[in-house]
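Engineer: Fold the following for me, if possible:
(one chain, ligands or ions: 3)
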Amino acid sequence: MKIIMLGAPGAGKGTQAKKIAAKYGIPHISTGDIFRANIKNNTELGQKAKTYMDKGELVPDELVVDLIMDRFKEADCANGYVLDGFPRTIPQAEALDKALKAQGEAVDFAINVEVPDENIINRMSGRRACVGCGATYHIEFNPTKVEGVCDACGEKLILRDDDKPETVKNRLSVYHEQTQPLIDYYAKADVLAEVDGTQDMEKVFSDIVNVLGA
Ligand code: AP5
Ligand code: MG
Ligand code: ZN
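Structural biologist: Ligands and ions are numbered 1, 2, ... in the order given. Okay, the predicted model is just below:
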């Protein structure tokens, strides 16, 4: 099963993609997580990506497309994947379609997690990410058992660099300009499903499972 998560920054793509990956036994591939891992390890790719990410801009398409095409070659992708944060522009979506078509394949579902802009800033300022395993929490909606400590691995939690309110505002406007057109793109391809992302996390997930099939 090949699934794409669409939605504004902070809509809950990562939260839901992790649950989908666990339930359906497919890898969760987040381009944002891959870039953050590269930044942490101070790779050349990480250094390039950071200059864009810190401003809330998109990393150039070529860098992202090459990276994702390499990722697809890994063995765990044989039965599909859930993509979180890719594609994010029409050229990225076209590159994905072209690569899949060459193998006689196509995207099965594009799930748009809908959350209005008003809810986003609040969500982002409360988000905490683990420096060790990348798990995400929310101080109000999904708190850890011990404040500031990851439930899964015990490492400390941080606020992401791009979650400052000014940067979040820019990420939202970049989203509306460059990524929102993908909703139409996948509606035309007849694979779009919309879910209400303002509901609690478990309800959002059960709506997604209804779309994907148990
Ligand atoms: P990326 O890491 O993809 O960030 P994003 O799209 O801005 O999305 P987020 O990860 O911030 O939000 P999310 O939807 O995953 O929400 P989450 O589940 O964490 O990209 C970062 C940057 O990398 C980009 O700006 C760009 O520069 C670059 N990049 C990445 N991919 C790229 C590409 N393809 N092309 C070019 N550049 C690229 O949830 C958010 C918070 O809300 C959490 O605290 C969570 O606990 C909470 N929450 C989740 N669901 C609910 C709920 N139902 N109710 C209440 N709270 C909830
Ligand atoms: Mg995410
Ligand atoms: Zn952790």
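Engineer: any idea which helix or strand comes after the helix or strand bottoming out on mean pLDDT in the chain?
Structural biologist: Least confident helix or strand, the chain: helix 117-126 with a mean of 90, by mean pLDDT, DSSP states H and E. Using DSSP states H and E, the helix or strand that directly follows helix 117-126 along the chain is strand 127-130.
Engineer: What strands line up against that next one, and which way round?
Structural biologist: Under the criterion DSSP bridges, strand 127-130 sits next to strand 136-138 (antiparallel), strand 157-158 (antiparallel) in its sheet.
Engineer: tell me the mean pLDDT over it?
Structural biologist: For strand 127-130, the mean per-residue pLDDT is 93.
Engineer: is ligand 1 contacted by it?
Structural biologist: Yes - Strand 127-130 reaches ligand 1 (C-beta under 6 Å from any ligand atom) through Arg127. Bear in mind the C-beta positions are built from the backbone N, C-alpha and C, glycine included.
Engineer: Just the residues contacting that strand, thanks.
Structural biologist: Contact with strand 127-130 is made by 10, 135-139, 144, 148, 150, 152-153, 155-160, 163, as judged by C-beta atoms under 8 Å, 6 or more residues apart in numbering.
Engineer: quick one: which of the residues you listed sit in strands?
Structural biologist: Assigned to strands by DSSP state E, the following of the contacts of strand 127-130 qualify: Thr136, Tyr137, His138, Leu157, Ile158.
Engineer: Got a ChimeraX select line for the buried ones in the residues you listed?
Structural biologist: Filtering the ones in strands among the contacts of strand 127-130 down to the buried ones (16 or more other C-beta atoms under 10 Å) takes a single ChimeraX command:
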select :136,137,138,157
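Engineer: Now tabulate the ones in strands among the contacts of strand 127-130 in JSON lines and tack on distance to ligand 1 and pLDDT.
Structural biologist: Output for those, formatted as JSON lines (distance: C-beta to the nearest ligand atom, whole Å; pLDDT from 0 to 100):
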{"residue": "Thr136", "distance to ligand 1": "5", "pLDDT": "92"}
{"residue": "Tyr137", "distance to ligand 1": "6", "pLDDT": "95"}
{"residue": "His138", "distance to ligand 1": "3", "pLDDT": "94"}
{"residue": "Leu157", "distance to ligand 1": "10", "pLDDT": "96"}
{"residue": "Ile158", "distance to ligand 1": "12", "pLDDT": "93"}
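Engineer: Nearest to Ile39, out of the ones in strands among the contacts of strand 127-130: which one, please.
Structural biologist: Proximity of those to Ile39 (C-beta to C-beta) peaks at Ile158, which lies at 12.5 Å.
Engineer: Let me see the contact set for that closest one.
Structural biologist: The contact partners of Ile158, taken as C-beta under 8 Å, 6+ apart, are Arg128, Ala129, Val131.
Engineer: In the least confident helix or strand of the chain, which residues are buried?
Structural biologist: By 16+ other C-beta under 10 Å, the buried positions in helix 117-126 come out as Ile120, Arg123, Met124, Gly126.
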